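Visitor: Have a look; sequence and predicted model below, questions after that.
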Amino acid sequence: MDISISNNLENILKAKIAEGAFSSMDEAITFAIQFTFIDNKVSLEKINELNEKIEQGWLEMEAGKGRNNTAVFRDLREKYA
């Protein structure tokens, strides 16, 4: 099977191979697929759902509906301190 990936992803995988994390591109891609869809039991549906939530968050931030980091950290300290 032949697959195509973006240059950015290819460079990331090549760097991981150079670091010794993987011995080949096949091993790196096999690991990524296995980790994403099998070991973590993450479905494509869940990935799409998360991507939609991220996009919604970005749109809200751009519309000025976000909260700054000071408020977020204050709330977290109050909740978990």
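Guide: That came through, no problem.
Visitor: so where is the chain shaky, pLDDT-wise?
Guide: Scanning the chain for pLDDT under 70 picks out the ranges 39-40, 42.
Visitor: Backbone dihedrals for residue 4, please?
Guide: For residue 4, the backbone dihedrals (degrees, to the nearest 10) come out as phi -120, psi 140.
Visitor: can you tell me how far it sits from residue 63?
Guide: Here residue 4 is placed at a distance of 36 Å from residue 63 (C-beta to C-beta, to the nearest Å). Bear in mind the C-beta positions are built from the backbone N, C-alpha and C, glycine included.
Visitor: Mark out where each domain of this protein begins and ends.
Guide: With automatic domain parsing as the criterion, the domains of the chain are listed as 1-42, 43-81.
Visitor: From the opening residue of the shortest one to its closing one, how far?
Guide: Domain 43-81 has an end-to-end distance of 35 Å (criterion: C-alpha to C-alpha, to the nearest Å).
Visitor: starting at the chain centroid, how far to it?
Guide: With C-alpha atoms, centre = their mean, to the nearest Å as the basis, the distance from the averaged C-alpha position of domain 43-81 to the chain average is 15 Å.
Visitor: do the first one as well
Guide: For domain 1-42, the distance from its own C-alpha centre to the chain's C-alpha centre is 14 Å (C-alpha atoms, centre = their mean).
Visitor: what's the spacing between residue 22 and residue 16?
Guide: To residue 16, residue 22 is 6 Å away according to C-beta to C-beta.
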